[in-house]
Structures are given as C-alpha cells and as structure tokens.
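Engineer: I would like the atomic coordinates for the input below:
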Amino acid sequence: MPPVRYVRSNGIDMAVYEAGKGPAVVLLHGFPELAFSWRHQIPPLAAAGYHVIVPDQRGYGLTDRPSKVEDYDMVHLTGDLVGLLDALGVEKAVFAGHDWGGLVAWQMPLLHQRRVTGVIGVNTPFIPHEMLWLHPSLTKGLTAPDKPFVANPAKDPIAQMREVYNPDMYVLMFEDGDLADRLMAHDVARVFRSNMRKGVITAAQYAKLPPQARHMTFLQALSQPEPKTLPGELILTPDELAFYAESFGRTGFTPGINWYRNLSRNWRAGLNVDQTIKVPSLMIGAEDDVVLSPAMMDGMDAHIADLEKHVVAGCGHWSQQEKPGEVTALMVDWLKRRVPA
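Structural biologist: As a prediction, the model looks like this:
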C-alpha cells in the first residue's frame, strides 16, 4: 500500500492512499473491507498511467466514524467522495466499487454526474431503488408457489425483504438490534478466517440447495463454536488476515453495518431521482458469487446505454483479492479504451 494521507471532506477526516499520475480512478471497498482490499490493483493501475485514489470510507479503517446511524446514508457517502475530489484538486474520476463500494459507485453518476468520468462495478450490479436483495435470482422459490414474489420499487425494500426472508437473513439481522454487531466483534479474526475464502460453493451447487438454505443466514455460524476445518481455502496470507483483524478490532463493525441501516432512508431519498446512468460503465461479475450473482447483470442495459459486461470464471465474492490478475486486466483494458491515460 502507498503511504496514508489525511484529507478533510464533508465534515470528517478521511484516510486516503494514492499512487500514480493521470486520469483519476477512485477505488471503493465494501463490507467488511478496507482500502487495503484493493492492494493488488493499485500498482498496476498506477503503472498503466492513472491517478489511483483509495480511501478508507466513512466508518472504516483510519477514517472518522461518526456516531449517528443517519450519518451513513447515501447522501453522506457520496458527499464524502465529492469532498475527497475537491480536497485533492480533482475535477472528475472513474469510480470503481466492490460490494457496498459498488452501490456507492453506481450512485455517484445519479447524484453527482458532473464529477464522474465512468463507473466500474465489481460484483455489484446496478439495480434501481435499493432492490438488490430482492432480485429474482435470490428470491425465486422462497415464497409459496401460489404467491410468487415480485419486487415493487415503490415499496420500502426492507419491508419487502421481511416478506421473503426469515429474520436471520444477514441484512435483516443488521436492521434488528445489535446482535450482529456483537457476534462479529466477539472474534474479529474469525470473521475474516471464515468469510474471505474461495472454493466454498459454486453458483450451480448453491442453486440446488433447498429454499430454507438460501435465506443468507451467514451470521448464524458465529453463534456456534468455530469448526476445526472450514470449507474452501482462505484467500488471505497470515499477515493480511492480521491487518484486517487489527483494524476491525480497533473500530468494530458497527459503523460499516450502519450503511445497511440506511437502506430505507436511501430508498426514500432516491424515489424521485432519475435511475439512468449516463456515463461509460463496466460491470465485472463473478461466476460463483452466490449473493451478487452474474444473473443480476442482465437488466442493467435498460438503465445504462454505454455498458460493457464481463464475468470472471470460477470466482467467488472477494473478486479483486481472489482473482486479482483477471479483475485488474479487465479494469486496465477498459480504462485504456474509454479513459485513455
């Protein structure tokens, strides 16, 4: 990682890592991750002729952690990035985001189009009005056969998720009290040992699971003793695991979880926002991401006229860390064609 620097943005101090010169590319991490999650992409993007800007986002790592839940809504998260560009003297940037970082990246051209050169979604597709977890690829078969579920963009997504999923679904656990916060904080290293893995299950295998096993109750396992052996293979070296554990051991997970606790607020704020993305965009899916599945990419063309899509074969959720070479190559190739250095 490059050396850290701090900038004042949108009322908070943000920790930022920079490398290279040229057109700006801002890399946005997800949950529970850090700017560190882009460590494999930073050197090659800089070498390709780009000014790479990688923040610990609001609530994470070395960046400030406001106390109020509402301080983590999309207005604040995107406002932080506008302030970051201002602080660095950058007019426009490509925003690339993975997981929650992808949700923020797709909102940038909707809320701050004049500051956006393009968008790169890694695993996270663009689905309007916070309906991500209500996509048919996730909800199919979870309701009674005579009552198939169809998401309604005009209805609160959390209310709809309660109609489909059981209360232990991870997003609903984040909404309901602090049990999830406490389970994750109890053994921070375990969170990363058990989650940042590859080869755990393929999309084809997941699709064959019975409906009751597809409610995404990932946090339940943290309430049980840790198994002696875990499925798949850890994608982190011991030093990388220690870095994540130290950081989240210091900050806890609650600030990152607060991003989820604003889904209803974000939905209400976006109801009158045009959901058309008018900048060049790249979508990089992962074949075996069972939550952010490549099937979710299919409807994106209706909202993004200038869209290129790729799928990384044999890759799970943590794409830029699991298959760094493939992800970086797709990013560099697109950037060289669409935003030449």
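
Engineer: Which stretches in the stretch 51-200 of the chain count as strands?
Structural biologist: 51-55, 93-98, 116-122, 197-198 (DSSP state E, counting those that start in this stretch).

Engineer: now the ones you listed in TSV, with distance to residue 341?
Structural biologist: Quick note: C-beta positions are derived from backbone N, CA and C, even for glycine. Formatted as TSV, the strands of the stretch 51-200 of the chain follow (distance: least, CB to CB, whole Å):
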stretch	distance to residue 341
strand 51-55	9
strand 93-98	11
strand 116-122	12
strand 197-198	31
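
Engineer: Quick one: the helices in the chain, in order.
Structural biologist: 42-47, 74-88, 100-111, 136-139, 157-164, 170-175, 179-186, 188-195, 203-207, 238-251, 254-260, 263-270, 319-322, 324-338 (DSSP state H).

Engineer: on that earlier part again, could you look over the strands of the stretch 51-200 of the chain and pick the most buried one?
Structural biologist: Among those, strand 93-98 has the highest mean neighbour count (mean count of other CB atoms under 10 Å), at a mean of 28.

Engineer: what lines up beside that one in the sheet?
Structural biologist: In the sheet, strand 93-98 lines up against strand 24-28 (parallel), strand 116-122 (parallel) (DSSP bridges).

Engineer: for the record, mean pLDDT for that strand?
Structural biologist: Strand 93-98 comes out with an average pLDDT of 98.

Engineer: what's the answer for stretch 328-336, then?
Structural biologist: The model assigns stretch 328-336 a mean pLDDT of 98.

Engineer: one step back: mean neighbour count and distance to residue 221 added to the helices of the chain, as JSON lines?
Structural biologist: Shown next, in JSON lines, are the helices of the chain (neighbours: other CB atoms under 10 Å; distance: least, CB to CB, whole Å):
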{"stretch": "helix 42-47", "mean neighbour count": "19", "distance to residue 221": "32"}
{"stretch": "helix 74-88", "mean neighbour count": "20", "distance to residue 221": "29"}
{"stretch": "helix 100-111", "mean neighbour count": "24", "distance to residue 221": "21"}
{"stretch": "helix 136-139", "mean neighbour count": "18", "distance to residue 221": "19"}
{"stretch": "helix 157-164", "mean neighbour count": "17", "distance to residue 221": "20"}
{"stretch": "helix 170-175", "mean neighbour count": "21", "distance to residue 221": "11"}
{"stretch": "helix 179-186", "mean neighbour count": "17", "distance to residue 221": "9"}
{"stretch": "helix 188-195", "mean neighbour count": "18", "distance to residue 221": "7"}
{"stretch": "helix 203-207", "mean neighbour count": "13", "distance to residue 221": "16"}
{"stretch": "helix 238-251", "mean neighbour count": "15", "distance to residue 221": "17"}
{"stretch": "helix 254-260", "mean neighbour count": "23", "distance to residue 221": "17"}
{"stretch": "helix 263-270", "mean neighbour count": "18", "distance to residue 221": "23"}
{"stretch": "helix 319-322", "mean neighbour count": "24", "distance to residue 221": "20"}
{"stretch": "helix 324-338", "mean neighbour count": "18", "distance to residue 221": "27"}
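
Engineer: For those helices, give me a markdown table that also has distance to residue 291.
Structural biologist: Output for the helices of the chain, formatted as a markdown table (distance: least, CB to CB, whole Å):
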| stretch | distance to residue 291 |
| --- | --- |
| helix 42-47 | 26 |
| helix 74-88 | 20 |
| helix 100-111 | 12 |
| helix 136-139 | 7 |
| helix 157-164 | 13 |
| helix 170-175 | 9 |
| helix 179-186 | 16 |
| helix 188-195 | 12 |
| helix 203-207 | 9 |
| helix 238-251 | 20 |
| helix 254-260 | 13 |
| helix 263-270 | 15 |
| helix 319-322 | 12 |
| helix 324-338 | 17 |
